[in-house]
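Chemist: Starting from these lines, generate the structure:
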Amino acid sequence: MKIHKAYTLKYRRKREGKTDYKSRLGLLASRRLRIVVRRTLSNMHVQVVEYTPTGDKTLVSADSRELLKFGWNGHRGNTTSAYLTGMLCGLKAKKKGIKDGILDLGLNRAIKGSSLFAAVKGLQVSVKIPCNDEYIPSEERIKGQHLKKGNYDEVRKKILEKWQ
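Modeler: Numbering: from 1, shown residues only. Next up is the predicted model:
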């Protein structure tokens with residue numbers, strides 16, 4: 001009879017490539033609220049999440065689809081809409097009394113000028129998040145000056161009017 005070595009099965013979410021447990025443990029060890037920024041091809045999702053032993057609890061959430069209520073007529077997955085989504089989530093968090101947090105990008109890589117950091121810049125309007133300024137996109141990209149269409153100024157004004 002052939003004897004095999006013992007094999008330990010890895011966590012399911014690690015096998016599926018959905019969770020980096022090493023970075024998650026570091027974020028949870030800080031005992032601060034996590035600012036979770038996720039991007040799909042056509043939307044941005046920004047959440048403020050609190051860890052509890054029974055499972056994570058989402059305190060505040062904003063999605064780029066909410067920008068449609070404010071009259072946004074551009075694409076919802078670009079840098080400008082990421083900034084506006086982050087700003088919307090930050091203002092909602094301010095209403096709930098959330099003052100600071102730590103950034104959780106998940107499996108996304110930290111790339112200078114990416115739309116993930118545009119969302120962080122939007123959050124920094126009302127929530128304190130430690131982030132190196134060299135990763136934040138330029139002001140021209142955030143305002144959408146590189147786009148042919150988009151109504152950044154109008155939507156920004158409407159969001160501020162509603163949530164302040």
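Chemist: Which parts of the strand or helix carrying His45 count as buried, going by neighbours?
Modeler: In the assignment (DSSP states H and E), His45 maps to strand 44-50. Across strand 44-50, burial judged by 16 or more other C-beta atoms under 10 Å covers Met44, His45, Val46, Gln47, Val48, Val49. C-beta: built from backbone N, CA, C; applies to glycine.
Chemist: tell me the secondary structure for the most centrally placed residue in the chain?
Modeler: The chain has Val37 as the residue nearest its centroid, 1.8 Å off, counting by C-alpha atoms, centre = their mean. Three-state assignment for Val37 (DSSP: H, G, I helix; E, B strand; the rest coil): strand.
Chemist: State the distance from it to Ile3.
Modeler: 48 Å (C-beta to C-beta, to the nearest Å).
Chemist: repeat for Ser23
Modeler: As judged by C-beta to C-beta, Ser23 and Ile3 stand 37 Å apart.
Chemist: Over to Lys94?
Modeler: Going from Lys94 to Ile3 by C-beta to C-beta gives 62 Å.
Chemist: Among those two, which residue is more densely surrounded?
Modeler: Lys94 (16 against 4; other C-beta atoms under 10 Å).
Chemist: got a pLDDT number for that one?
Modeler: pLDDT recorded at Lys94 is 95.
Chemist: Next up, the contacts around it.
Modeler: Lys94 makes contacts with Ser126, Val127, Trp163, as judged by C-beta atoms under 8 Å, 6 or more residues apart in numbering.
Chemist: Those, buried ones only, as a ChimeraX selection?
Modeler: Remark: buried members of the contacts of Lys94, expressed as a ChimeraX selection using 16+ other C-beta under 10 Å:
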select :126,127
